[in-house]
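Novice: Provided below for reference: sequence and predicted model.
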Amino acid sequence: MNMHRGASLLESALQDLRRGFTARAGTRLRLAAESGYPEAQLAYARMLFDANSKAARRTACEWIDRAARQQLAEALYARSAARYAGLNGDADRAGALDDLNAAADAGHPPAETALALAWQEFGNPDALSSSRAWLSRAASHGDLLARIFVRSDGFTGKRPAPGGPKPLQELAMVSRVSPEKIHASPCVSVDDRGLNALECAWLRLNARADMRPSWILDPRTGRPRPDPVRTGMTAYFARRRLEFPVLRLSERLASYANASLERAEPLAILRYHPGEQYQLHRDALGATTLAGDPLRAAGDRFATVLGYLNSPTAGGETFFPKLQIRVTPRVGRILVFENLDDNGLPAELSLHAGLPVTSGTKWLASLWIRQRNLAD
């Protein structure tokens with residue numbers, strides 16, 4: 001095992017990626033991984049995930065496993081997400097939690113913050129105390145979000161769990177929820193307590209670096225393109241990011257549509273500044289657009305689940321003109337609605353818009369649910 005050679009190859013590969021030489025970067029990453037260097041093994045696995053095929057995913061999981069067996073904390077954290085989602089076979093929630101605890105014990109800040117988020121799901125005082133303890137530890141290791149929350153009023157006077165951070169023995173159940181139904185067909189429902197402040201802040205902060213101008217799917221080709229109908233910025237939590245909180249939150253959002261995580265597209269985070277909007281549209285793709293869609297084997301977008309990640313000062317409502325329903329964005333609020341009618345066709349009444357933000361900024365999580373599991 002030549003760690004020095006692996007480190008050198010990894011640095012060269014990263015330079016190639018910055019210059020756009022992806023083919024050469026891939027070759028160097030593979031060689032660096034084969035040298036036994038765990039950081040390179042993890043980086044190569046992330047590149048393989050971009051191929052989005054079952055074979056590439058299986059190989060990527062094998063490389064993550066090699067790096068995790070060398071006790072690389074970042075690899076343990078990545079493997080926790082891969083196991084949770086069942087990216088290399090059946091989901092292994094117990095194994096995922098073991099890896100998450102191990103990564104946190106090793107001082108990996110994202111794992112520590114992920115445990116803080118997981119503890120908060122239980123909601124009882126002891127669990128919240130454990131959440132505070134993990135946040136305090138993550139803050140001491142440089143996690144920006146943890147530092148903000150530890151210093152915030154929401155934690156003033158609250159003491160961490162005695163004895164320091166505790167490992168999490170089991171995950172909270174992601175149960176089917178019953179939001180308030182405000183329209184029957186298509187079904188439109190709202191839950192004002194779907195996400196907590198820490199979850200909303202985590203999604204906003206972790207999406208910032210990947211924000212890109214929002215596009216639409218071309219109705220002729222099914223391919224994304226820019227269009228004046230949609231402004232603002234979007235970031236997607238791609239599979240290769242392997243973020244444990246994204247999977248937990250995506251699974252919970254999918255439960256609002258009585259769907260499993262396997263039917264969900266990658267979670268999208270949207271940001272709108274004043275004047276930005278998404279004009280009237282339907283989330284269902286329809287036969288023409290679906291024909292060119294790479295996810296068409298999973299069917300159309302059966303439902304949409306929106307999670308409002310902040311409360312803009314003014315504007316930004318989600319408006320259904322044919323139903324005369326207007327939903328105001330409030331931090332933590334969940335909006336879920338159906339996109340298809342009983343025949344599986346785009347529902348006429350699902351026409352909606354994200355109205356212009358007039359003051360402040362609007363942050364939104366969007367999860368589109370397909371009719372069937374996403375194909376490999």
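Specialist: That came through fine.

Novice: what distance do you get for the nearest residue to Thr304 once chain neighbours are set aside to Trp215?
Specialist: Once flanking residues are discounted, Thr304 sits nearest to Asp283: 4.8 Å by C-beta to C-beta, 6 or more residues apart in numbering. Using the backbone N, CA and C atoms, a C-beta is placed for each residue, glycine as well. Here Asp283 is placed at a distance of 14 Å from Trp215 (C-beta to C-beta, to the nearest Å).

Novice: now Ser189
Specialist: 28 Å.

Novice: before we move on, the earlier item: hmm, Leu351 and the residue nearest to Thr304 touching each other?
Specialist: No: the pair Asp283 / Leu351 is not scored as a contact, 9.9 Å apart, by C-beta atoms under 8 Å.

Novice: compare the two (neighbour count), which wins?
Specialist: More neighbours surround Asp283 than the other of Asp283 and Leu351, with 23 against 16 (other C-beta atoms under 10 Å).

Novice: which pLDDT value goes with the more buried one?
Specialist: As predicted, Asp283 sits at a pLDDT of 97.

Novice: report the contact partners of it.
Specialist: By C-beta atoms under 8 Å, 6 or more residues apart in numbering, Asp283 lies in contact with 301, 304, 339, 350, 352, 368.

Novice: quick one: which of these is most hemmed in?
Specialist: That'd be His352 among the contacts of Asp283, by other C-beta under 10 Å, with 26 neighbours.

Novice: so in terms of bridging, what pairs with that residue?
Specialist: On the basis of DSSP bridges, His352 is bridged to His281.

Novice: what helix or strand is the residue nearest to Thr304 on?
Specialist: Using DSSP states H and E, Asp283 sits within no helix or strand.

Novice: hang on, Ala106 packs against Ala75?
Specialist: No: between Ala106 and Ala75 there is no contact under C-beta under 8 Å: 10.3 Å.

Novice: between those two, point out the one with more neighbours.
Specialist: More crowded of Ala106 and Ala75, by other C-beta under 10 Å: Ala75, with 27 against 15.

Novice: on the three-state scheme, the more buried one is what?
Specialist: Secondary structure assignment for Ala75 (DSSP: H, G, I helix; E, B strand; the rest coil): helix.

Novice: so how far is Pro228 from it?
Specialist: Taking C-beta to C-beta, one finds Ala75 at 43 Å from Pro228.

Novice: next one: Ala102
Specialist: Distance from Ala102 to Pro228, by C-beta to C-beta: 49 Å.

Novice: who has more neighbours out of these two?
Specialist: Ranked by neighbour count (other C-beta under 10 Å), Ala102 and Pro228 place Ala102 first, with 19 against 7.

Novice: residues near the nearest residue to that one once chain neighbours are set aside, how many?
Specialist: What sits nearest to Ala102 in space, not counting adjacent residues and going by C-beta to C-beta, 6+ apart, is Leu76, at 5.0 Å. Residues lying near Leu76 (other C-beta under 10 Å) number 25.

Novice: quick one: residues contacting Leu76.
Specialist: For Leu76, counting by C-beta under 8 Å, 6+ apart, the contacting residues are 68, 99-100, 102-103, 106, 108, 111.

Novice: among those residues, which ones are buried?
Specialist: 68, 99-100, 102-103, 108, 111 (16 or more other C-beta atoms under 10 Å).

Novice: which residues of this structure score low on pLDDT?
Specialist: Low-confidence segments of the chain (pLDDT under 70): 1-2, 153-163, 176, 375-376.

Novice: find the centremost residue of it, please.
Specialist: Val246 (3.5 Å; C-alpha atoms, centre = their mean).

Novice: which outside residues touch the host helix or strand of it?
Specialist: Val246 is part of helix 244-255, with elements assigned from DSSP H and E. Helix 244-255 is contacted from outside by 77, 80-81, 84-85, 96, 100, 110-111, 113-114, 117-118, 121, 171, 174-177, 194-195, 199, 202-203, 237, 260-261, 263-264, 267, 305, 307, 334, 365, 367, 369, using C-beta under 8 Å, 6+ apart.

Novice: narrow those residues to those in helices?
Specialist: 77, 80-81, 84-85, 96, 100, 110-111, 113-114, 117-118, 199, 202-203 (DSSP state H).

Novice: show me which pair in those residues is furthest apart.
Specialist: Ala96 and Leu203 (19.8 Å; C-beta to C-beta).

Novice: so what's Asp227 up against?
Specialist: Counting by C-beta under 8 Å, 6+ apart, the residues that Asp227 touches are 215-216.

Novice: over to it: give its phi and psi.
Specialist: For Asp227, the backbone dihedrals are phi -160, psi 140 (criterion: degrees, to the nearest 10).

Novice: so Phe149 belongs to a helix, correct?
Specialist: Yes: applying three-state DSSP, one finds Phe149 inside a helix.

Novice: quick one, what contacts it?
Specialist: Counting by C-beta under 8 Å, 6+ apart, Phe149 makes contact with 135, 139, 155, 198, 201.

Novice: need those residues in TSV (columns: neighbour count).
Specialist: Output for the contacts of Phe149, formatted as TSV (neighbours: other C-beta atoms under 10 Å):
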residue	neighbour count
Leu135	28
Ala139	21
Phe155	17
Leu198	22
Ala201	19
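
Novice: wait, which of those residues is closest to Asp293?
Specialist: Ala201 (32.5 Å).

Novice: any chance you could list what contacts stretch 43-58?
Specialist: Applying C-beta under 8 Å, 6+ apart, the contact partners of stretch 43-58 are 10, 13-14, 25-26, 29-30, 32-33, 59-61, 63-64, 67, 78, 87-88, 238-240, 242, 376.

Novice: pull out the buried residues from those.
Specialist: Buried among those by 16+ other C-beta under 10 Å: 10, 13-14, 25-26, 29-30, 32-33, 59-61, 63-64, 67, 78, 87-88, 238-240, 242.

Novice: partners of the helix or strand just after the helix holding Val246, with directions?
Specialist: Sequence-wise, the next helix or strand downstream of helix 244-255 (DSSP H and E) is strand 268-272. Applying DSSP bridges, strand 268-272 is found paired with strand 233-236 (antiparallel), strand 362-370 (antiparallel).
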